[in-house]
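S.K.: when you get a sec, could you give me coordinates for this:
(chains A, B, C and D)
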Protein chains: 2
Amino acid sequence: MVTLDDVARLAGVSRTTASRAMNGVATVKPIRAQAVLNAAETLGFRPNPAARSLARGRHDSVALIIPETDIWDIGNSFLSAAMQGVIREVAASEQQLVMVIRAAGETDEKFLRFLSASHVDGAMVFLEAHTTELPRLLSDAAVPVVYLGRPLESDDLDVSYVDSDNVGGARTAAELLVKAGRRRIAVITGSMELGVTQDRLRGWSECLKAHGIADDLVAHADFLQGGGAVAMAEILDRDPTVDGVFVMNDLMSAGALATLRSRGRVVPDDLSLVSFDDTVIATAVEPRLTTIAQPFDELGSLMVRTLRDLITQPDAGPFRVTLPTKVVLRDSV
Amino acid sequence: MVTLDDVARLAGVSRTTASRAMNGVATVKPIRAQAVLNAAETLGFRPNPAARSLARGRHDSVALIIPETDIWDIGNSFLSAAMQGVIREVAASEQQLVMVIRAAGETDEKFLRFLSASHVDGAMVFLEAHTTELPRLLSDAAVPVVYLGRPLESDDLDVSYVDSDNVGGARTAAELLVKAGRRRIAVITGSMELGVTQDRLRGWSECLKAHGIADDLVAHADFLQGGGAVAMAEILDRDPTVDGVFVMNDLMSAGALATLRSRGRVVPDDLSLVSFDDTVIATAVEPRLTTIAQPFDELGSLMVRTLRDLITQPDAGPFRVTLPTKVVLRDSV
DNA sequence: CGTCAAAAAGGAAGCGCTTCCTTTCTTGCG
DNA sequence: CGCAAGAAAGGAAGCGCTTCCTTTTTGACG
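M.R.: Numbering: from 1, shown residues only, chains lettered A, B, ... in the order given. Predicted structure coming up:
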């Protein structure tokens, strides 16, 4: 292993100067700085991150917190999509991404300690059904945290987050249904304890009201395929005249579609469906889903940048950013 | 921040003894060990990982290498499924998972240096289309590596890997088609530079030959939906009498299904389809796919355990394990 | 009860880097 | 040409932990 001392020796300077040169400190004469850089290059020197962390008290790495219960749908949910952005953005900097699992049986205090010991400068949390208690828990942790998705407690807690414009997206979705001439419009929700669900429900409701259309056909589900199927059946039973439905994610749409097929309803002839997310599922099913796309990738990278800001200027927060959604027109409306 | 010295002081022992107690070294008297443990508990002590790494020269963390080009299908491919197993297994130990991105434009040498500087004790690689050059590259890195998927070079390289029994799985898939009375059986392959593809092709071919059925209807694709659609069309054009097809993953099956639908072929009435992987897609499409399930989760955790073995006993390797696949009967045959 | 080997505990160095503080080198100006 | 002030470089301490080596304690046995 080649150390900074080796570099310094080769460059003919002290270790101190070598360190400064490597870190671009201005007080080093350009000539020497170059010598150090060259020496580092020829020797293939890479600073030992452990030593650096120890000396600096900083780690240049951020954590992505994943509840053990959520691991099971990394692939399904929007999680993986946003993870892309996170991974890319982290990689582009000099930071490292550490995955921290919040074990199911772990006590709060233990988790908090684990987190603060996890050599990370900050943490990111994707807010999902299983994570709803985290904001409150982490609010008094020493670690800067940024959420993807507005925490329900965002009003009284000093939290930073990034989110899509769920209200606006849902409004657009409903608008699409109305424009298609639908008048009896239902909604299949995700877990109600999530901010996203509430926001989307609000957007849907607002739009319908604005058009003087009833907004009573609400079926609650859980963002999963099975739940979507059940909820669709429930809606059909409650009001067979339903001719439009807004489903809060693609996975539930797949379930709803199956129910509709088995009940002999043709989409989009008999009934229009607008989904949310635009994941792989959206083009894998038949008909392909008209859906509200979230800028997952951007959200992911934005989250990383926001966290970085929060780490460098802890008092400037909380940071809260909302990104617009996009309509993807396909065959289900 | 509470340090080991604080603990030692409270427990009334030296830092050395405290360290030993914390690490369960046998030469410390049970009485004192307990005192130290208690002190640590009351103080909420967590060893500083940076200091520990520096002193031990070990990091207790492993890397998951992801090529930048692959980030885009974390959700689609089997990647996320296997990642679950990895994450769980790593979390269960005292290790940490670090995601290391292999940037697209990065030179080999730079990447290697980056990797060895990334405070990890070993690395894992999911072998995919974009990773085929990694085994050769990493073979002379100082870092222990385990692959998911047999590298093509496995014969002449000293590599460790875990894999599904792709040959056997493909054989079973073909067998399913034959049993369903199909006699003109095609295959849609993934990227040919991958070991999995070659293994599955072999299994398919072997089975057909054993039954005296022609194995010439091969269409090459890329494991993606669009590729599957195109390949299916190609097969249909080459031989309209085709009545069975083995598709090497679910995503391509979704594409193939779309083509079949647009050509007016009904699955499974006119043509049977057997897929591979059993991801979410398999139940989202219509008809639901009969598919060969890979034990992704197990593969992931096995990979971590294998890597651990490789780290602790570098000379015992290479380790190579193959896990059986499982048939999941649904509606496409 | 003394001796000595084994067990237990402690002292201190050191992992590789940063950074405070001191020393040495430059430079501008009288 | 000499001096002071600022720039540049270096010495050395220290981040929190492990571990080698030494010292102290323990206890079995003569």
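
S.K.: how about the helices in the stretch 1-150 of chain A?
M.R.: A:4-11, A:15-22, A:30-43, A:49-56, A:79-92, A:108-116, A:134-138 (DSSP state H, counting those that start in this stretch).

S.K.: need the contact list for residue A:177.
M.R.: Neighbour list for residue A:177: A:185, A:244-246, A:272, A:274, A:333 [criterion: CB atoms under 8 Å, 6 or more residues apart in numbering or on different chains]. Yep, even glycine has a C-beta here, placed from its N, CA and C like the rest.

S.K.: just confirm it is within a strand.
M.R.: No: looking at residue A:177 with DSSP: H, G, I helix; E, B strand; the rest coil, it is helix, so not inside a strand.

S.K.: quick revisit: most neighbours, which of the contacts of residue A:177?
M.R.: residue A:274 (34 neighbours; other CB atoms under 10 Å in any protein chain shown).

S.K.: shouldn't that residue be in contact with residue A:293?
M.R.: No: with contacts counted by CB atoms under 8 Å, residue A:274 stays clear of residue A:293, the gap being 11.6 Å.

S.K.: sorry, back to before: could the helices of the stretch 1-150 of chain A go into TSV alongside mean neighbour count and distance to residue B:199?
M.R.: TSV is the format used below for the helices of the stretch 1-150 of chain A (neighbours: other CB atoms under 10 Å in any protein chain shown; distance: least, CB to CB, whole Å):
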stretch	mean neighbour count	distance to residue B:199
helix A:4-11	18	46
helix A:15-22	19	47
helix A:30-43	16	42
helix A:49-56	18	38
helix A:79-92	22	26
helix A:108-116	16	40
helix A:134-138	20	42
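
S.K.: compare the mean pLDDT across those and name the weakest.
M.R.: Ranked by mean pLDDT, the helices of the stretch 1-150 of chain A bottom out at helix A:108-116, which scores a mean of 73.

S.K.: which residues touch residue A:162?
M.R.: A:146-148, A:299, A:302-303, A:306, A:320-323.

S.K.: give me the buried subset of those.
M.R.: A:146-148, A:299, A:302-303, A:306, A:322 (16 or more other CB atoms under 10 Å in any protein chain shown).

S.K.: the residue most central in space within chain A and residue A:296, how far apart?
M.R.: In chain A, the centroid-proximal residue (CA atoms, centre = their mean) is residue A:148; its distance is 4.1 Å. To residue A:296, residue A:148 is 9 Å away according to CB to CB, to the nearest Å.

S.K.: which neighbours do the two share?
M.R.: Common contacts of residue A:148 and residue A:296 (CB under 8 Å, 6+ apart): residue A:82.

S.K.: can you give me phi and psi for the residue of the stretch 151-300 of chain A at minimum distance from DNA strand C?
M.R.: Residue nearest to DNA strand C within the stretch 151-300 of chain A (CB to the nearest atom of the strand): residue A:160, separated by 25.4 Å. When read as degrees, to the nearest 10, the backbone of residue A:160 gives phi -110, psi 140.

S.K.: that one reaches residue A:317, doesn't it?
M.R.: Yes: using CB under 8 Å, residue A:160 is in contact with residue A:317, at 5.1 Å.

S.K.: overlap in contacts of the two?
M.R.: The contact sets of residue A:160 and residue A:317 overlap at A:144, A:310 (CB under 8 Å, 6+ apart).

S.K.: distance of residue A:196 from residue A:292?
M.R.: Distance, residue A:196 to residue A:292, by CB to CB: 12 Å.

S.K.: show me where the stretch 51-200 of chain A dips below the pLDDT cut-off.
M.R.: By pLDDT under 70, the low-scoring segments of the stretch 51-200 of chain A are A:68-77, A:103-105, A:129-131.

S.K.: which of the contacts of residue A:162 fall within strands?
M.R.: The strands, defined by DSSP state E, take in A:146-148, A:320-323 from the contacts of residue A:162.

S.K.: tabulate those residues (JSON lines), appending distance to DNA strand D.
M.R.: Formatted as JSON lines, the ones in strands among the contacts of residue A:162 follow (distance: CB to the nearest atom of the strand, whole Å):
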{"residue": "A:146", "distance to DNA strand D": "26"}
{"residue": "A:147", "distance to DNA strand D": "29"}
{"residue": "A:148", "distance to DNA strand D": "32"}
{"residue": "A:320", "distance to DNA strand D": "33"}
{"residue": "A:321", "distance to DNA strand D": "34"}
{"residue": "A:322", "distance to DNA strand D": "39"}
{"residue": "A:323", "distance to DNA strand D": "39"}
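
S.K.: now the strands for the stretch 51-200 of chain A?
M.R.: Here the stretch 51-200 of chain A has its strands, by DSSP state E, counting those that start in this stretch, at A:61-67, A:96-102, A:122-126, A:145-148, A:160-164, A:185-189.

S.K.: got JSON lines for the ones you listed, with distance to residue B:101 too?
M.R.: Shown next, in JSON lines, are the strands of the stretch 51-200 of chain A (distance: least, CB to CB, whole Å):
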{"stretch": "strand A:61-67", "distance to residue B:101": "13"}
{"stretch": "strand A:96-102", "distance to residue B:101": "8"}
{"stretch": "strand A:122-126", "distance to residue B:101": "16"}
{"stretch": "strand A:145-148", "distance to residue B:101": "19"}
{"stretch": "strand A:160-164", "distance to residue B:101": "21"}
{"stretch": "strand A:185-189", "distance to residue B:101": "36"}
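
S.K.: which one, of these, ends up nearest to residue B:153?
M.R.: Of all the strands of the stretch 51-200 of chain A, it is strand A:96-102 that lies closest to residue B:153, at 28.8 Å by CB to CB.

S.K.: off-centre distance for that closest one?
M.R.: Strand A:96-102 has its C-alpha centroid displaced from the chain centroid by 14 Å (CA atoms, centre = their mean, to the nearest Å).
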